[in-house]
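Enquirer: Structure, please.
(one chain, ligands or ions: 2)
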Amino acid sequence: MLIGRKRGNQVNPTGRGSDGPLVELRGVRKTYGEAVAVDAVNLAIDRGEFVVLLGPSGSGKTTILAMLGGFITPSAGRIFIEGQDVTTLPASRRPTVTVFQDYALFPHMTVEANVGFGLEMRKVRKPERQGRVDEALRMVGLEGFGKRSIHQLSGGQRQRVALARAIAVKPTVLLLDEPLGALDLGLRRQMQEELVGLQKKLGVTSVHVTHDQEEAMHIADRIVVLNRGRIEDLGSPDRVYLAPTTLFTATFMGESNILAATVSGRRDGLLHLRTPFAEVRMEGRAPDGTTTVHLSVRPEHIRLGPVAGAISFGRVTIRETVFQGAHRRCHAVSMQEGETDLLIRVPAEHPVRSGDRPEVFVRREDLVLLAD
Ligand code: ADP
Ligand code: MG
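Expert: Numbers count the residues shown, from 1 in each chain. Ligands and ions are numbered 1, 2, ... in the order given. Okay, here's the model as predicted:
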């Protein structure tokens, strides 16, 4: 199955201007002995897209990126770039360039020499090289830094040099493996914005790896959620956050309340579910014979006090509230059927306090039925 978009007519053997996706992985798999690092990954990426591979450590992100970049050969499956089968093509002959987490800069060389390195490897002549180095440095905000040596630069500046070296080559596909991972939080957020700006300005198709879901939401056109070498979910940041398809995505992408529900009936295309808080009828399907399903609801979607048309989840006891700047995060328990925990997020100005016993409400559209 091809995830993400329909396949274009057919692979264009000339590799020029095909109307299919720019990058395509078909049934890509990588094993190490018995261990499966990447399993049956199908992914199509359009020209100009900024795709983020998001997943916990060990989920196969780096392995997928390295297969795209030509540093690892898949055990099975094929990889196409611009319609050309590049599955066994070495890195140096691909239209890709990779920015590594540790930047892999040459510490004894100047900024200029580092940025020009990829161009030299690609046999770009010196006069043109200088122009492209200067342009790349300008793009990343390091104009005039060419003669400095790497060890005179801060972490953020080194990161920019690595980025300049990559874009100087004008790759068709830019591959980024946790490029902001070594930066402190403030700088990381700033660099995220710069990276998005740069990517849009250049229009370069990019695949970016991170385990940071906030970073993914910040920069991605599309997020690919990975778990144990497989694609769990794939879509725009809003879709993946607001309507995660699986239990894994719901718990990995920010905080969620996961409710176990019993299927008590199926009528008129509606599932009748019994949760620890309320009976719920909602659209959706569960495979025949399934008796329990999971629902997720975001903490900010649990409302204190009556909301027209919403489902009452009954009274809860607020056990603890923590002020978090823009909002207040509350830990509550329901006493309805045994003790059930609920995480609630309200605007910071909300006067809720521990010990309060508000009735809480959830709108039907904020309940998400998950595939396990
Ligand atoms: P991520 O980048 O998401 O942290 P990786 O792609 O690096 O994950 O690794 C995916 C899985 O493959 C992990 O379980 C890892 O231990 C395994 N793996 C990666 N490289 C090798 C290797 N060279 N030999 C054996 N196992 C590997
Ligand atoms: Mg990795």
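Enquirer: For ligand 2, what's its nearest residue on the protein.
Expert: residue 62 (3.2 Å; C-beta to the ion). Backbone N, C-alpha and C define where each C-beta goes, glycine included.
Enquirer: Which residues of the stretch 1-150 of the chain lie near ligand 1?
Expert: 32, 35, 37, 55, 57-63 (C-beta under 6 Å from any ligand atom).
Enquirer: so which two of the residues you listed are the farthest from each other?
Expert: With distances taken as C-beta to C-beta, the most widely separated pair in these is 32 and 55, at 17.6 Å.
Enquirer: Among the two, which residue is more densely surrounded?
Expert: When residue 32 and residue 55 are compared for neighbours, residue 55 comes out ahead with 26 against 9, by other C-beta atoms under 10 Å.
Enquirer: Contact partners for the more buried one?
Expert: Applying C-beta atoms under 8 Å, 6 or more residues apart in numbering to residue 55 gives the contacts 61, 211, 225-227, 232, 252.
Enquirer: from those residues, which two are the most distant?
Expert: Pairwise over the contacts of residue 55, using C-beta to C-beta, the maximum falls at 211 and 232, 13.8 Å.
Enquirer: Compare the two (neighbour count), which wins?
Expert: residue 232 (21 against 18).
Enquirer: thought that one was touching residue 226?
Expert: Yes - between residue 232 and residue 226 there is a contact at 6.6 Å, judged by C-beta atoms under 8 Å.
Enquirer: mean confidence for stretch 119-137?
Expert: Across stretch 119-137, the average pLDDT comes to 92.
Enquirer: hmm, who's touching it?
Expert: So stretch 119-137 is contacted by 92, 111-112, 115-116, 143-146, 164-165, 167-170 (C-beta under 8 Å, 6+ apart).
Enquirer: And the buried ones among those, selectable in ChimeraX?
Expert: In ChimeraX, this line selects whichever of these come out buried by 16 or more other C-beta atoms under 10 Å:
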select :111,112,115,116,145,146,164,165,167,168,169,170
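Enquirer: Return the closest of the contacts of stretch 119-137 with respect to ligand 1.
Expert: Distance to ligand 1 across the contacts of stretch 119-137 (C-beta to the nearest ligand atom) is lowest for residue 92, with 20.7 Å.
Enquirer: That closest one - that's part of a strand, no?
Expert: No - checked against DSSP: H, G, I helix; E, B strand; the rest coil, residue 92 lies outside a strand; its state is helix.
Enquirer: give the contact list for it.
Expert: 70, 121.
Enquirer: Check residue 89 too.
Expert: residue 70.
Enquirer: Ok, the one 10 residues further on next?
Expert: With contact taken as C-beta under 8 Å, 6+ apart, residue 99 is in contact with 162-163, 165-166, 174-177, 179.
Enquirer: Any stretches of the stretch 251-372 of the chain with poor pLDDT?
Expert: Low-confidence segments of the stretch 251-372 of the chain (pLDDT under 70): 337.
Enquirer: Can you pick out the ones from the contacts of residue 99 that are in strands?
Expert: When DSSP state E is applied, the contacts of residue 99 are split such that 174-177 fall in strands.
Enquirer: what helices or strands is the longest helix seen in the chain leaning on?
Expert: Counting by DSSP state H, the longest helix found in the chain is helix 185-202. When contacts are defined as 3 or more C-beta pairs under 8 Å, 6 or more residues apart in numbering; DSSP states H and E, helix 185-202 sits against strand 50-54, helix 126-139, helix 155-168, helix 213-219.
Enquirer: again, 7 Å this time
Expert: Helices and strands touching helix 185-202, by 3 or more C-beta pairs under 7 Å, 6 or more residues apart in numbering; DSSP states H and E, are helix 155-168, helix 213-219.
Enquirer: export the shortest one as PDB, just CAs?
Expert: Only the C-alpha atoms of helix 213-219 are listed here, as PDB (Å, rounded to 0.1, in the frame of the first residue of the first chain):
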ATOM      1  CA  GLN A 213       7.200  16.300  18.900                       C
ATOM      2  CA  GLU A 214       7.100  20.100  19.400                       C
ATOM      3  CA  GLU A 215       9.800  20.500  16.900                       C
ATOM      4  CA  ALA A 216       8.000  18.300  14.500                       C
ATOM      5  CA  MET A 217       4.700  20.200  14.800                       C
ATOM      6  CA  HIS A 218       6.600  23.500  14.400                       C
ATOM      7  CA  ILE A 219       8.400  22.700  11.200                       C
END
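Enquirer: give me phi/psi at the residue nearest to residue 298 when sequence neighbours are not counted?
Expert: Setting aside the residues directly before and after it, residue 298 is nearest to residue 256 in space (C-beta to C-beta, 6 or more residues apart in numbering), at 6.0 Å. Backbone torsions of residue 256, given as degrees, to the nearest 10, read phi -140, psi 150.
Enquirer: Tell me if I'm right that residue 256 and residue 295 touch.
Expert: No - contact between residue 256 and residue 295 fails when scored by C-beta atoms under 7 Å: they sit 9.7 Å apart.
Enquirer: Figure out the length between the terminal residues of stretch 236-253.
Expert: Stretch 236-253 has an end-to-end distance of 13 Å (criterion: C-alpha to C-alpha, to the nearest Å).
Enquirer: Contacts for that stretch, please.
Expert: With C-beta atoms under 7 Å, 6 or more residues apart in numbering as the test, stretch 236-253 has contacts from 56, 213, 216-217, 220, 222-223, 225, 227, 232-233, 254, 256, 258, 294, 296, 368, 370-372.
Enquirer: buried ones in it?
Expert: For stretch 236-253, a neighbour-count test (16+ other C-beta under 10 Å) marks 237, 240-241, 243-250, 252-253 as buried.
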